[in-house]
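K.L.:
Any chance you can model this:
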Amino acid sequence: MKHNILSKIINYSLVLILSVGFNYMTTGCSEERYFPGKIYTDEDLNDDNDDDVTEKVNENLAIEGSITASSKQDDTHGPELLINGVVSGGEEYFGTNQTTSDHEEWVQIKLSQKQKINAIWIHPRSNSDIGFPFDFTLQVSENGKDWTTVVEETNYDADYTKIQKFSFEAIKASYVKLIATKLSHTSNMWTNWQEVYFIQLAEIEVYLVEGDGPSDGDDDDEGEVEQQNPNPANFAFGASVTASSQQGDTFIPSMLVNGVLTGENEYYGSFQQTFDHEEWVQLVMKEQAEIGSIWVYPRSNASGEGFPKEFKIEISTNGENWTTVVDKTDYPVPTECDVQIFNFTPTNVKYIKLTATKLSSIANMWTNWEEVYFMQLAEIQAFKDQVSGENK
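P.N.:
You can find the predicted model right below:
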């Protein structure tokens, strides 16, 4: 009899202890729990008090949130840079792992609070003209499990000079996810001349926009002066520009389309190497236009130094099918830094690519008296009408 009573007491105690311990373990976890590669979902949390949250209007809900991604370029370009509030700077960007085949990448943000949102702003990398995905969706979720697509883009042509803003009907969300299925790509000396695919972005902001909305710092804000095209006939002004390489963070590809033709540091420069090699620059104009003349300006303070000796200029409407309109060999060094004018039969153009296969070279104190090969140009312009004085 005593044995039976004692057994019941022990069994009851064990059940009580296990029950209390189990309840403690399943309800005492923090919202900051993560699984590798995936942000924790709140599907098992009680959200009955969501209506008590005061909605933030015109405030960035991502900046105090948390973030994860499918991959990262390295430890200095992790996804946390997408929600740190810094939108400019040479190394202030998130980058995914670079691979030799197109593939899917994603980033997922848990917002600072669950509420209605109606806008997602994405900042391209500030000192580059590559990295923004071509095909992607923006999805939102209340629990990190059930997703609603609010934006879907195919062959997206990003303007790298501006914030890319996406608006949609207001919807309650706690999570925002960018899924890219067709990536930006490039091939240059840093990739060992292999074509690599990746994402590079500076910042993602999430808002409930009302009225005039938050200040974005773009040139079209009140009080800001938009950079004006000094020659409205030039269709290349303000184009997106990519290049095979660049000379530091100052002489970047966008210098080729900023309308400034002269100045000590007003030029694009490729990386300098001790052997002759190929370099290229590619322009994507803001709009397709009929073009019949391309003007190439040498660096203004170097007496033609940096102008390629052999090169071709190609044009395209889609960036895939190209037509060669200029093909030069043993091209003479420009004198007095005059603009080099190349005419051809006017045709519709969206993309312009200059590929140099024999470069200018120099050896001086700045190169430690080694012969180095490079390309340096001040500006590239594109016009509809042919002009007299074409360079042969």
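K.L.:
how about the strands of the stretch 201-350 of the chain, start to end?
P.N.:
Taking DSSP state E, counting those that start in this stretch to define them, one finds strands in the stretch 201-350 of the chain at 240-243, 268-269, 279-298, 310-316, 323-328, 340-358.
K.L.:
Tell me what the residue nearest to residue 157 when sequence neighbours are not counted is bridged to.
P.N.:
Taking CB to CB, 6 or more residues apart in numbering, and ignoring the residues beside it in sequence, residue 157 has residue 284 as its nearest neighbour in space, at 7.1 Å. Yep, even glycine has a C-beta here, placed from its N, CA and C like the rest. The partner list for residue 284 in beta bridges (DSSP bridges) reads residue 240, residue 351.
K.L.:
which ones are touching residue 284?
P.N.:
Taking CB atoms under 8 Å, 6 or more residues apart in numbering as the definition of contact, the neighbours of residue 284 are 157, 239-241, 319, 350-351.
K.L.:
Considering these, which possesses the most neighbours?
P.N.:
Most neighbours among the contacts of residue 284, by other CB atoms under 10 Å: residue 239, with 26 neighbours.
K.L.:
Show the contacting residues for that one.
P.N.:
When contacts are counted by CB under 8 Å, 6+ apart, residue 239 is found next to 257, 283-286, 352.
K.L.:
Can you say which two of these are spatially most distant?
P.N.:
Every pair in the contacts of residue 239 was compared (CB to CB); the two farthest apart turn out to be 286 and 352, at 12.4 Å.
K.L.:
Neighbour count: those two, which is higher?
P.N.:
The residue with more neighbours, out of residue 286 and residue 352 and counting by other CB under 10 Å, is residue 352; that gives 24 against 16.
K.L.:
Identify the residues contacting the residue nearest to the more buried one when sequence neighbours are not counted.
P.N.:
Using CB to CB, 6+ apart and skipping residues adjacent in sequence, the residue nearest residue 352 is residue 283, 4.4 Å away. With contacts defined as CB under 8 Å, 6+ apart, residue 283 is in contact with 236, 239-241, 256-257, 351-353, 380, 382.
K.L.:
go again using 6 Å as the cut-off
P.N.:
Applying CB atoms under 6 Å, 6 or more residues apart in numbering, one finds that residue 283 lies in contact with 236, 239, 241, 352.
K.L.:
What's the local residue count around residue 251?
P.N.:
Applying the criterion other CB under 10 Å, we find 18 residues in the vicinity of residue 251.
K.L.:
How about it: which residues does it bridge to?
P.N.:
For residue 251, the beta-bridge partners are residue 247 (DSSP bridges).
K.L.:
Can you give me the neighbour number for residue 154?
P.N.:
Counted by other CB under 10 Å, the residues lying close to residue 154 total 10.
K.L.:
picking up where we left off before, how about CSV for the contacts of residue 283, with distance to residue 202 and pLDDT added?
P.N.:
As requested, these are exported to CSV (distance: CB to CB, whole Å; pLDDT from 0 to 100):
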residue, distance to residue 202, pLDDT
236, 25, 96
239, 20, 94
241, 17, 95
352, 26, 97
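K.L.:
Nearest to residue 273 among those?
P.N.:
Distances from residue 273 to those, taken by CB to CB, are shortest for residue 241, at 20.8 Å.
K.L.:
With distance to residue 129 added, can I get the strands of the stretch 201-350 of the chain in JSON lines?
P.N.:
Shown next, in JSON lines, are these (distance: least, CB to CB, whole Å):
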{"stretch": "strand 240-243", "distance to residue 129": "5"}
{"stretch": "strand 268-269", "distance to residue 129": "11"}
{"stretch": "strand 279-298", "distance to residue 129": "8"}
{"stretch": "strand 310-316", "distance to residue 129": "16"}
{"stretch": "strand 323-328", "distance to residue 129": "22"}
{"stretch": "strand 340-358", "distance to residue 129": "13"}
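K.L.:
any idea of the mean pLDDT in stretch 64-72?
P.N.:
Averaging pLDDT along stretch 64-72 yields 94.
K.L.:
What of stretch 154-172?
P.N.:
The average of the pLDDT scores along stretch 154-172 is 94.
K.L.:
first vs last residue of it, how far apart are they?
P.N.:
For stretch 154-172, the separation between the terminal residues is 25 Å (CA to CA, to the nearest Å).
K.L.:
Give me the residues contacting it.
P.N.:
Stretch 154-172 has contacts (CB under 6 Å, 6+ apart) with 116, 118-124, 129, 132, 134-135, 140, 142, 150-151, 216, 218, 240.
K.L.:
How far does that stretch sit from its chain's centre?
P.N.:
Between the mean C-alpha location of stretch 154-172 and the chain-wide mean there is a distance of 13 Å, by CA atoms, centre = their mean, to the nearest Å.
K.L.:
buried set for stretch 260-279?
P.N.:
261, 266-272, 277-279 (16 or more other CB atoms under 10 Å).
K.L.:
Of the contacts of stretch 154-172, keep whichever come out buried.
P.N.:
The buried subset of the contacts of stretch 154-172 - by 16+ other CB under 10 Å - is 118-124, 129, 132, 134-135, 140, 142, 150-151, 216, 240.
K.L.:
Take the residues you listed and keep only those in helices.
P.N.:
Secondary structure assignment by DSSP state H places none of those in helices.
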